[in-house]
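**Student:** with the sequence up front, the predicted model follows.
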Amino acid sequence: MIDRAGLAEFLRRHRESLQPEDVGLPRGLRRRTAGLRREEVATLCHISTDYYSRLERERGPHPSEQMIASIAQGLHLSLDERDHLFRLAGHNPPARGPISEHISPGLLRIFDRLTDTPAEIVTELGETLRQTPLGIALTGDTTRYTGPARSIGYRWFTDPATRAIYHPDDHAHHSRVFAAGLRKMVTLRGPGSRAAHLMDLLLAHSEEFRTVWKDHEIGIHYNGVKRYVHPELGVLELTCQTLLDPEQSHFLLVHTAVPGSESYEKLQLLSVIGPGVSSDRPFGDRRKNSSSDVEENTVVGEGS
């Protein structure tokens, strides 16, 4: 049963305890509210202000699990706080660990401050959970995919448009990295895991994957620099640094260029061009849905 009074009190108290800078929002000059405004929380949670306000007033419909998950992420709740919120709303908390998509508050705080560089948060299967505006400008909105196509490792072998943003001379090495990363995750998570499911799908649908998979490679890495091909700016050589949240198996990927280099100047231009390269298909050709530091390529998809 939903505990409306407890839910309302928990939401109100947590909203009032957060400051705009805690969640990557500007403070502004005329702030009288203690903590965040309801409309700010609603925006963070991707729900209407009216819906959120009714929850704080012990009114409205019984929120779904998806709605509670969105509110928990928007309020930057810890896993314990998220689980408590689910129980207040009358739901069982989601599973923790590698299948969870709830991003930890600490990782979000770092991510929210990366306003001047391409960055994203991905799962161990290379499924994008969050992107900075410059990340979207560089690779397109990779949070839009559904099903197996959410994994860049899956898209790499099944959707030719995915390869368009990478330098063609690097494609063969990308294939080896993605296959080796998936092999590691299949071994780690075992039969019946999502990694094993992706493996089965790729073996069934990609001749290239079957060929690379037969080599049984493991631990294939990038050389530290990845080359992207932007339709307006040309080739960008970027270094990808990776931060791991071991509790959730999420990775924060941050792309940077050497100061003073040509790629560095192009990144500055990318911030001017912004994320509006294409509304649905980055670079005009991406399909919506096709058939502590660690090594970046331990992730199956390793994000973008």
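**Tutor:** Looks like it arrived, so ask away.
**Student:** what's near enough to touch Glu21?
**Tutor:** Arg27 (C-beta atoms under 8 Å, 6 or more residues apart in numbering). (Each C-beta comes from the backbone N, C-alpha and C, glycine too.)
**Student:** helices along the stretch 101-250 of the chain, start to end?
**Tutor:** 105-112, 133-139, 152-158, 171-189, 194-205, 207-213 (DSSP state H, counting those that start in this stretch).
**Student:** next, format those helices as TSV and append mean neighbour count and distance to Ala5.
**Tutor:** Formatted as TSV, the helices of the stretch 101-250 of the chain follow (neighbours: other C-beta atoms under 10 Å; distance: least, C-beta to C-beta, whole Å):
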stretch	mean neighbour count	distance to Ala5
helix 105-112	18	25
helix 133-139	23	39
helix 152-158	26	44
helix 171-189	20	41
helix 194-205	18	38
helix 207-213	16	53
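**Student:** dihedrals phi and psi, Gly97?
**Tutor:** phi 90, psi -150 (degrees, to the nearest 10).
**Student:** just put the helices of the stretch 101-250 of the chain in TSV and tack on distance to Thr239 and mean pLDDT.
**Tutor:** As requested, the helices of the stretch 101-250 of the chain are arranged in TSV below (distance: least, C-beta to C-beta, whole Å; pLDDT from 0 to 100):
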stretch	distance to Thr239	mean pLDDT
helix 105-112	17	93
helix 133-139	13	93
helix 152-158	18	98
helix 171-189	15	96
helix 194-205	27	97
helix 207-213	25	98
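**Student:** mind putting these in CSV, distance to Arg82 included?
**Tutor:** Converted to CSV, the helices of the stretch 101-250 of the chain look like this (distance: least, C-beta to C-beta, whole Å):
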stretch, distance to Arg82
helix 105-112, 10
helix 133-139, 25
helix 152-158, 26
helix 171-189, 23
helix 194-205, 21
helix 207-213, 36
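**Student:** chain neighbours aside, what residue packs nearest to Gly106?
**Tutor:** Of all residues not flanking Gly106 in the chain, Asp245 sits nearest, at 7.5 Å (C-beta to C-beta, 6 or more residues apart in numbering).
**Student:** was I right about that neighbour contacting Leu108?
**Tutor:** No - contact between Asp245 and Leu108 fails when scored by C-beta atoms under 8 Å: they sit 10.0 Å apart.
**Student:** can you check the pLDDT for Ser263?
**Tutor:** Looking at Ser263, its pLDDT is 96.
**Student:** how much space between it and Cys240?
**Tutor:** 13 Å (C-beta to C-beta, to the nearest Å).
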